[in-house]
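# Okay, sequence plus prediction incoming.
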Amino acid sequence: QLQLVESGGGLVQPGGSLRLACAASGSPMIDYIMCWFRQAPGKEREGVSCIDRTGLTRNDADPVKGRFTIARDDRKNILYLHMNTLKPEDTAVYYCAAGQLPGAAMMKLSSAVSYWGIGTLVTVSS
């Protein structure tokens, strides 16, 4: 069993930056493809970014390309999401996720995720 706990959410002004972290325990994170999803109020959960086990292949959703960067530190069992140039439409609860499908597929199929974190709220507002 893999447990995931997110941190780093909060209130930030438009144009600002945040770094989310996801601490994994109970199983080596290296065994999983890791992703970030988000769910805005009144909307469905959507894939944001995924990273493969090597850390070399990343998949990003179009709305965040060039602004968000996913990274993993398997020695520390921590997944990161560096978010820059934040926009009000980035406001959502952000979830850490782990699974075995390739990232490009898992981003589009949240039912394929094996483990979810509890989420952390990001609010982008002036």
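Sure thing, it's come through.

# Show me the helices in the chain, by range?
With DSSP state H, the ranges of helices along the chain come out as 103-106.

# Provide a list of residues in contact with Ala61.
Shown in contact with Ala61 (CB atoms under 8 Å, 6 or more residues apart in numbering): 46-49, 107. C-beta: built from backbone N, CA, C; applies to glycine.

# which phi and psi does it have?
With angles defined as degrees, to the nearest 10, Ala61 sits at phi -70, psi 150.

# By mean pLDDT, point me to the weakest helix or strand of the chain.
helix 103-106 (a mean of 90; mean pLDDT, DSSP states H and E).

# Could you report the neighbour count for the nearest residue to Lys108 once chain neighbours are set aside?
Among residues not flanking Lys108 along the chain, Gly47 sits closest, at 6.3 Å (CB to CB, 6 or more residues apart in numbering). Counted by other CB atoms under 10 Å, the residues lying close to Gly47 total 23.

# Please name the residues that touch the residue nearest to Gln39 when sequence neighbours are not counted.
Distances taken as CB to CB, 6+ apart put Arg45 closest to Gln39, at 4.2 Å, once the chain neighbours are dropped. Contact analysis of Arg45 by CB under 8 Å, 6+ apart lists 37-39, 95, 110.

# Which two among the residues you listed are spaced furthest apart?
Arg38 and Ser110 (10.9 Å; CB to CB).

# Pick out whichever of the two has more residues nearby.
More neighbours surround Arg38 than the other of Arg38 and Ser110, with 23 against 18 (other CB under 10 Å).

# Mind listing the residues bridging to the more buried one?
For Arg38, the beta-bridge partners under DSSP bridges are Glu46, Tyr94.

# Touching, Ile20 and Gly9? I think so.
One correction, residue 20 is Leu, not Ile. Yes - applying CB atoms under 8 Å, one finds Leu20 in contact with Gly9, separated by 6.5 Å.

# quick one: common contacting residues for those two?
Joint contacts of Leu20 and Gly9 (CB under 8 Å, 6+ apart) are 94, 120, 122.
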